[in-house]
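[1] Here is a sequence with its predicted model. Questions after.
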Amino acid sequence: MATILRIVTGVLAAAGMLAVVGQVPADEPASTIIRPASQPASKPFDFQEARNVVANYAKKAGIKDIQPVLNLGNNVALKLTLIPPGEFVMGSPKEEQPGRYDWEGPQHEVVIGKPFYMGVYEVTQEQYQAIMGRNPSNFRNPKYPVEQVGWEDIEEFCKKLSQKTEKTFRLPTEAEWEYACRAGSKTRYFFGDSAETLGDYAWHCKNSKITTYVVGQKNPNPWGLYDILGNVWEWCSDYFASYEDAKQTYPIGKADKFRVMRGGCRASLVTYLRSAFREGAAKDYSVGFRIVMEIKKP
């Protein structure tokens, strides 16, 4: 844990504070399986493959809206995208070097048994202000991701947003986050194993000048999620706990004094932006977040 604190101290010099919101959906058998864990993926999904998977699942499940857009008022919109259920291999192998830490393993199969909507972008300052009436961010721009938000802040944000839209919003679980980030891949990054093209997808220490940026300026992952790597760290709802070496459905990190954050940020080394990289910090830090909207059964 001393190593974790060392990393958090260095990486979060400009980042910050926790939030955890909502309950995890009840476990259900996956109604469709995307790249089963027992079936190695030689390459990540390409965009057409991902679109086909989403469209086919939506048709089968009777989901009409693949990318809903919610009006938050004052010409501020929140765009989400459908993430189908499936299963994947969570964590990284020991040989995923450099930069791999023991707490990224052991690798284990995970079932995500229900579909969900995830924010296409990290929650922006204008979206946060539209719901909360304030903007706590250090790097000010309505289109930048919000940062400097704490646990109670995000809990309140989700509660107010749920009331306003009559939907159910929460943070993603760590498993949902990695599943959505990977988009069918088993490689270091969702686009492959080489960091040479990372700058096409993410703001990090080598291209950001250590500031945040307008969301959506880089290429998205195949599910259509922008800035899932870099820009700002994203909180998950789990505690930072050791993985279990067994197949699981909706695993949740057991109680600990640290919470999980994913994706790296504008100041992160490229090794911190790998799909499996995970970090923990106390809830009194402040970073950014990406929202999940639950899908109710018809």
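    Received it, and whenever you're ready, just let me know what you need. Keep in mind that this is a model prediction, so the values were computed, not measured.

[2] quick one: secondary structure of the residue nearest in space to the middle of the chain?
    Among the residues of the chain, the one closest to the centroid is residue 177, at 3.9 Å (Cα atoms, centre = their mean). Taking DSSP: H, G, I helix; E, B strand; the rest coil as the rule, one finds residue 177 in the helix state.

[3] Please enumerate the strands of the stretch 1-150 of the chain.
    Using DSSP state E, counting those that start in this stretch, the strands of the stretch 1-150 of the chain run over 69-73, 76-83, 86-90, 108-112, 116-119.

[4] Now distance to residue 186 and mean pLDDT too, for those, in JSON lines please.
    Yep, even glycine has a C-beta here, placed from its N, CA and C like the rest. As requested, the strands of the stretch 1-150 of the chain are exported to JSON lines (distance: least, Cβ to Cβ, whole Å; pLDDT from 0 to 100):
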{"stretch": "strand 69-73", "distance to residue 186": "32", "mean pLDDT": "96"}
{"stretch": "strand 76-83", "distance to residue 186": "18", "mean pLDDT": "97"}
{"stretch": "strand 86-90", "distance to residue 186": "6", "mean pLDDT": "94"}
{"stretch": "strand 108-112", "distance to residue 186": "12", "mean pLDDT": "94"}
{"stretch": "strand 116-119", "distance to residue 186": "20", "mean pLDDT": "98"}
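
[5] Report the buried residues of stretch 189-199.
    For stretch 189-199, burial by neighbour count (16 or more other Cβ atoms under 10 Å) applies to 189-191, 195, 198-199.

[6] what's the answer for stretch 140-155, then?
    141-142, 144-151, 153-155.

[7] Any stretches of the stretch 151-298 of the chain with poor pLDDT?
    255, 283-284, 297-298 (pLDDT under 70).

[8] where do the helices sit along it?
    For the stretch 151-298 of the chain, the helices defined by DSSP state H, counting those that start in this stretch cover 151-165, 174-182.

[9] Ranking the ones you listed by mean neighbour count, which comes first?
    Most buried of the helices of the stretch 151-298 of the chain, by mean neighbour count (mean count of other Cβ atoms under 10 Å): helix 174-182, with a mean of 24.

[10] Mind giving me the packing neighbours of it?
    Judged by 3 or more Cβ pairs under 8 Å, 6 or more residues apart in numbering; DSSP states H and E, helix 174-182 is in contact with strand 76-83, strand 86-90, strand 108-112, strand 116-119, strand 234-239, strand 259-262.
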